[in-house]
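**Q** here is a sequence with its predicted model. Questions after.
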Amino acid sequence: MAAYGLQQDIIANILDMGETTLKKYYPEELKLGGHKATAKVAAALFLGAIGGTVTVDRIIRDKDGNERVVPFRMHIPGNPTQQIFWLKTRAGWKESIDLNVRHDFVIRAPAQMKNIEEWEAKVQKRLAAPSKPNGQ
């Protein structure tokens with residue numbers, strides 16, 4: 001239950017014991033359960049990413065209806081989505097985009113300004129002035 005992410009108080013309730021008793025008798029399970037589950041998921045992700053051959057048990061029935069378990073080898077192809085996920089999270093790969101952005105804009109000076117130099121001087125003066133708190 002710890003491997004599935006259940007909280008210790010919930011596990012204790014399910015097992016009908018106190019949380020202190022749970023911690024006393026199952027410290028390793030509580031400590032390692034989640035890590036073991038993560039390791040299994042990582043192994044499954046890795047196998048899915050690279051592909052490979054796995055052996056699974058298959059139940060075979062003969063003509064008389066008797067069942068027996070037979071090992072069956074199966075090939076799993078690599079999955080590009082899992083490969084990309086692995087490389088982004090484990091190998092530092094990232095999406096990269098080169099953007100060349102060009103901004104064309106026009107600054108319009110107020111009508112009372114006689115020339116651009118006067119406008120630039122006013123803007124520079126405003127930028128150099130100390131800012132007033134809270135927009136005052």
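**A** Okay, I see it. Predicted model, so just to flag it, every value in this text is computed and none were measured. Numbers count the residues shown, from 1 in each chain.
**Q** and residue 76, bridged to which residues?
**A** residue 52 (DSSP bridges).
**Q** what stretches of the protein score poorly on pLDDT?
**A** Applying pLDDT under 70 to the chain picks out residues 98, 101, 103-114, 131-136.
**Q** longest helix anywhere in it?
**A** If you go by DSSP state H, the chain has its longest helix at helix 27-50.
**Q** what about residue 11, neighbour count?
**A** 19 (other C-beta atoms under 10 Å). C-beta: built from backbone N, CA, C; applies to glycine.
**Q** okay, and it sits in which element?
**A** Taking DSSP states H and E as the criterion, residue 11 maps to helix 8-14.
**Q** again, but for residue 54
**A** strand 52-61.
**Q** quick one: list the elements packing against that strand.
**A** Applying 3 or more C-beta pairs under 8 Å, 6 or more residues apart in numbering; DSSP states H and E, one finds that strand 52-61 contacts strand 67-76.
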